[in-house]
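Chemist: based on what follows, work out the 3D shape:
(chains A, B, C and D, ligands or ions: 5)
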Amino acid sequence: MSGREPPEPELVVEIWRGRESGEFVPYRVARRENQTVLDVVSHVQRRIDPTLSYRFACRVGMCGSCAMTVNGIPRWTCRTRVDRVAGNGRVRIGPLRNMPVIRDLAVDMAPFFDKWQRATGRFVPSDADNRRTFARVPPGSRERQAADAGIECIGCGVCYAACDVVAWNSDYLGPAALNRVWTLVNDSRDGARREHLAAAAGDAGCHQCHSHQACMSYCPKGLNPTAAIAGLKRETVKSLLRGEL
Amino acid sequence: MTGRLEAWLYVAQRGSAFVLAPLVVVHLATMIYAIRGGLSAEEILSRTEDSAVWGSVYGLFVAAVAVHAPIGVRSIVREMTPWKGRSLDVAALLFCALIVVLGVRAVGALL
Amino acid sequence: MTDNTVAYRKTDILILGSGGAGLFAALHAHKAAPDLDITVAVKGLLGKCGCTRMVQGGYNVAIGTGDSVERHFMDTVEGGKWLNDQDLAWTLITTAIERIHELENELGCFFDRNADGSVHLKAFAGQTYDRTVHKGDLTGIEIINRLAEQTWARRIDRMEEHRAIALIPARDGGRISGVLLVDVRDGRFHFVQAKAVLLAAGGGPTMYRYHTPSGDKTCDGMAMALRAGLTLRDMEMVQFHPTGLIAGRDTRITGTIIEEGLRGAGGHLLNGNHERFMTSYDPRGERATRDIVSRAMFEEMRQGRTGPNDGLFITMRHLDRDLVRRQFKGMVERCADCGFDLAGGLVEVVPTAHYIMGGVVFDTSCRTSLEGLFAAGEDTGGVHGANRLGGNGVANSTVFGGIAGDTMGPWVEKSGAFADPDRSAIDAAVAHGLRPFAKPRGDLLDMRERLEDIMWDDAGIIRDPERLHRAREALSGLGEELAETGVATSDRAFNLTWHDWLNLDSLILVSRVIVEAALARENSRGAHFRDDFPEEGDLATSYFTTARLDGERIGVGTAPVEFSRVRPGETLIREEAETAAA
Amino acid sequence: MGGMKYAIASRNHPVYWAFVLHRASGLALAVFVPVHLYTLSLAVREAARFDAFLEWTENPLVKGGEALLVLLLAGHLAGGLRLLALEFLEWRDWQKSIVAITLGIAAACGLLFLMNAP
Ligand SMILES: Cc1cc2nc3c(=O)[nH]c(=O)nc-3n(C[C@H](O)[C@H](O)[C@H](O)COP(=O)(O)OP(=O)(O)OC[C@H]3O[C@@H](n4cnc5c(N)ncnc54)[C@H](O)[C@@H]3O)c2cc1C
Ligand code: HEM
Ligand code: SF4
Ligand code: F3S
Ligand code: FES
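Modeler: Numbering: from 1, shown residues only, chains lettered A, B, ... in the order given. Ligands and ions are numbered 1, 2, ... in the order given. Predicted coordinates:
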């Protein structure tokens, strides 16, 4: 038939269905220009199998909700083009590693954020009276630059999923939480440097890191938790030797 | 030692690594140098006997390894096997003692 | 088959939403009344959904030397085309100063600095002064991350991935008794009884074909408020951002923002024939205000001069590419991830629905007309009038969220009480929520797309009665269709398709309100443009629209704006008032 | 993670392989050290047995094993220095490429040993 359009190019995706146990189920999805992995997952849920579960919110790499394991590598899916990962026309999508699976592609991120708290990943005001001005912090100062280097974390959990130490030691605070503590340690306005260092030096803290650098290799924001953790190792050792921990 | 066991272990492990680094370089160099033409017990002994320098070098080597290796093995076991906790720590200490005992005997024998 | 059991729990204060409004309310309520049980219930993960996180530009606050609250206020009211509730606007502007210091010094936001270490204030469109505090172009991430950390650190309960579906009145009426929610993860219903409830679900005009907000925002808060009998105001006022990305069919990223600063930095807009067109609409060209640029673009698109995906183009290629790459790093990377070269090529763009100025009528202490129900953030109306200044949005949610917390804490301690719920309201809401499980499977994506087309084509940037009437008809048909459409499974656990249905349910209702309000306003103000009434009308007799649900009908009305602080033609800025007098 | 059987491709990056080598060599050395110390102590008490032992080490298989140990020691040393640099010096971008240098040093030591062996 001459009027027939050529068949749309297709992609075979295998998607994890189930919880901790389950299986990869293949789906055929139409290839589209500029399609992201999140678009593929959405396509399956919206047009093929309405029961597929996954999570997203902002769809532009700001909220860190949409991370999944794509062909064995943790990625933010809303900013990962299919072209980049579908070398052989096949894509396998699973939930993030190192977090309990709720269903299909959605994981429970509670342990990740609990550890953020256990690491004292929160600002503590230093000067209770000085609340009506902005502290003077030259942007070029060493501390500010160090704080800025790690501040744009979106809490996506990619680093946490990539890190084997997290897999081996379920108490390990993990790269994102430690990266946050390092930012605070460098924040000249923060009033709890000692507490931050003490938390980072705890028995599941920075010293458990073997510098695998998976965190920095896969962080979609290009942050470097490895360097942050190395910084914590140095500073905590200094405090330890001074008897301040 | 406060409750910060892991932090102290880290210090000890990295500290011993700092000590080991030059010693291993020396050890590697002598080894590569010494094996030219083959080894014999006599040769080894002639090189080491009554040398205070060699004695302290190997003594230090043994001490550093006795600190360094058990800590390393402990973390490997902790991470890759289900074995954790006190009993593992004791085992690591025993391993440390083993290295010290064998090391003292060996260094003593060489001198 | 369907399990309609409802789990019950209690909390003193229940907060719906974890954007700037919700989290600020939680922190302030906790501070004001540390002994109270406070619970934040949110559709997504706490702090990881909603639009506060997506704020790029920054936070408006009059702290620069030479700037003043009067100036910021006048900019806000003039930008709002005199429709603002002036007391709300005044509260916004004065409290923003307190809030920004709180954000920086207590919560730990680390805003950008000038070379001398003082806080950097940047220019934002539509303002007479540089007054926008920011953290790079990711201000929202900084604000929400810090708010979330502080919330986690306190005794504040979380109900994450719990979606509110109905505000439940007390059995004897007159006040709220709690909220019915669905636990997204297992699909079960929860009734949370509360002494005070904060509505902070953040509106969000996601019923338009192109839209910027995050996927979880579907006007649920406004829909629940309507069903609970509350009045919304200014609902015709939907702000469009001139440059949203188009990445092609079925791409989630379509509609998201291409930064405004690009036009400011000299970027050109081109139509489908690759010709510049802005200069023939406005002498300022691409640098004209949001509404003018959006309308000009819409007009070009209506004329059919479009690109391959029915959009127009933005280009920076006539500028220094390295400079563009450096200055707009985040944006260039984002485009590159979608396959576009922002620095050297053409990126297809389209105006995109960004913000609803309208919302629940509330007062300066965040009370609503329903006793025990408070509201803050993008769910509310009146602060911005007919248009919102860039940078006043996140100020609005954080300012009023904090005020809501300050009000609710002491209010609950003094006069709060648990009221027995109206069981029939719970039953009705459960039955409504379960409806799609009893209906044959339909194509919800197709319905969502039809909704987006109706709103985009007929109730969007340029409106006229004929189109609006067409939209009214189409929406009521779509509503009926939805009621007969099902989701083809009985499994409610993490069932996004069910939530797609619930989303559509909220969106269709609020879309109907937008259409009715747009029909009611017979002039053109701010974001609302009527082809048949292109003039702004008499400012001195300005009125705002109101809408409420009467049974199935939407009742619209108008009410005169009270110029409680300044009248059209006057100013509060001292120097200008003096020069005018001289 | 139980049931979820797919390759953890994220491990396939140079630094991870460096870690694997460092761990394997550390473990092998830790096993070898006690053995090594024990045989050394034999040197005095029973020089003859020790020499017999050394003869045994002339066996090419054993020779190969020894070379491997030297390689491991050199590799572990180089890897250890890399880690110490990474942890105790301020971060520099060259630390990303230091893995290659490490492997180079280790390989060179092993080769030297083999070339020198009679
Ligand atoms: C891309 C983008 C850029 C922006 N840039 C700026 C800027 O530069 N400056 C500025 O001032 N403003 C900006 N805004 C506007 C600003 O983000 C919003 O005005 C403001 O953040 C709204 O805050 P909120 O707390 O009311 O709502 P949100 O932050 O959107 O939070 C709403 C919360 O309610 C939850 N929710 C929704 N429905 C339910 C339900 N049924 N049950 C339970 N929870 C629910 C959501 O999940 C979310 O957590 C921008 C908006 C967008 C989309
Ligand atoms: C005979 C000598 C040595 C033995 C038996 C030995 C043994 C070990 C063992 C078993 C480990 C644990 C490996 C792991 O955790 O993955 C280890 C780790 C380590 N070794 Fe050695 N080692 C020796 C020499 C050295 C030298 C010379 C250096 C130094 C420069 C060094 C530096 C390190 C470092 C830095 C670690 C930590 C790795 C980590 O925690 O990630 N070692 N060693
Ligand atoms: S450090 Fe990077 S990878 Fe880790 S959570 Fe933050 S943004 Fe994600
Ligand atoms: S991947 Fe893990 S081991 Fe350390 S460097 Fe990163 S935290
Ligand atoms: S959806 Fe927000 S980061 Fe991907």
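
Chemist: middle-most residue in chain D, spatially?
Modeler: With distances taken as C-alpha atoms, centre = their mean, chain D has D:Leu72 as the residue nearest its mean C-alpha position (1.4 Å).

Chemist: check which helix or strand the residue most central in space within chain B maps to.
Modeler: Note on chain B: the residue nearest the mean C-alpha position is B:Val65, at 1.8 Å, using C-alpha atoms, centre = their mean. For B:Val65, the element it lies in under DSSP states H and E is helix B:52-80.

Chemist: go on, C:His318?
Modeler: C:His318 is part of no helix or strand, with elements assigned from DSSP H and E.

Chemist: leaving out the residues flanking it, which one is nearest to it?
Modeler: Nearest non-adjacent residue to C:His318, counting by C-beta to C-beta, 6 or more residues apart in numbering or on different chains: C:His268, 6.8 Å away. Backbone N, C-alpha and C define where each C-beta goes, glycine included.

Chemist: how close does the one you found get to C:Ile292?
Modeler: Going from C:His268 to C:Ile292 by C-beta to C-beta, to the nearest Å gives 16 Å.

Chemist: picking up where we left off before, what residues are up against the residue nearest to the centre of chain B?
Modeler: Residues in contact with B:Val65 (C-beta atoms under 8 Å, 6 or more residues apart in numbering or on different chains) are B:16, B:20, B:99, B:103, D:33.

Chemist: return the distance of it relative to C:Phe191.
Modeler: Per C-beta to C-beta, B:Val65 is found 66 Å from C:Phe191.

Chemist: next: C:Met408.
Modeler: According to C-beta to C-beta, C:Met408 and C:Phe191 sit 20 Å apart.

Chemist: between the two, who's got more neighbours?
Modeler: A direct count of neighbours by other C-beta atoms under 10 Å in any protein chain shown for C:Met408 and C:Phe191 places C:Met408 higher, at 33 against 22.

Chemist: up against ligand 2, what does chain B have?
Modeler: Counting by C-beta under 6 Å from any ligand atom, the residues of chain B close to ligand 2 are B:14, B:17, B:20-21, B:24, B:65, B:68-69, B:72-73, B:75-76.

Chemist: which of C:His268 and C:Ile292 has more neighbours?
Modeler: Shown here are C:His268 and C:Ile292; by other C-beta under 10 Å, C:His268 has more neighbours (21 against 16).

Chemist: what pLDDT does the more buried one get?
Modeler: Listed pLDDT for C:His268 reads 95.

Chemist: so what's it up against?
Modeler: Here C:His268 is in contact with C:276, C:278, C:286, C:314-316, C:318 (C-beta under 8 Å, 6+ apart).

Chemist: ok, back up a step: for A:Val137, state which of the residues of chain B next to ligand 2 is nearest.
Modeler: Set against A:Val137, the nearest of these by C-beta to C-beta is B:Arg14 (32.4 Å).

Chemist: I'd say that closest one and D:Leu84 touch.
Modeler: Yes. If you go by C-beta atoms under 8 Å, B:Arg14 and D:Leu84 touch, sitting 6.7 Å apart.

Chemist: about what we covered before: burial check on the closest residue to the residue nearest to the centre of chain D other than its chain neighbours, number of neighbours?
Modeler: Once flanking residues are discounted, D:Leu72 sits nearest to D:Ser25: 3.9 Å by C-beta to C-beta, 6+ apart. D:Ser25 has 23 neighbouring residues, counting by other C-beta under 10 Å.

Chemist: look up phi and psi at D:Ser25.
Modeler: phi -70, psi -40 (degrees, to the nearest 10).

Chemist: now the strands for chain A?
Modeler: With DSSP state E, the ranges of strands along chain A come out as A:10-18, A:22-30, A:67-70, A:73-76, A:90-94, A:101-103, A:106-107.

Chemist: gap between the first one and the chain center?
Modeler: Which is strand A:10-18. From the chain centre to the centre of strand A:10-18 is a distance of 22 Å (C-alpha atoms, centre = their mean, to the nearest Å).

Chemist: what's the separation between C:Ile63 and C:Gly79?
Modeler: To C:Gly79, C:Ile63 is 19 Å away according to C-beta to C-beta.

Chemist: which stretches of chain D have low pLDDT?
Modeler: Scanning chain D for pLDDT under 70 picks out the ranges D:1-6, D:43-50, D:53, D:56-59, D:61-62, D:94-97, D:99-100, D:113-118.

Chemist: cool, and chain B?
Modeler: B:1-3, B:34-43, B:45-50, B:111.

Chemist: for the residue in the stretch 451-582 of chain C positioned nearest to ligand 3, give me its contacts.
Modeler: Proximity of the stretch 451-582 of chain C to ligand 3 (C-beta to the nearest ligand atom) peaks at C:Phe494, 22.3 Å away. Neighbour list for C:Phe494: A:53, A:102-104, A:106, C:184-187 [criterion: C-beta under 8 Å, 6+ apart].
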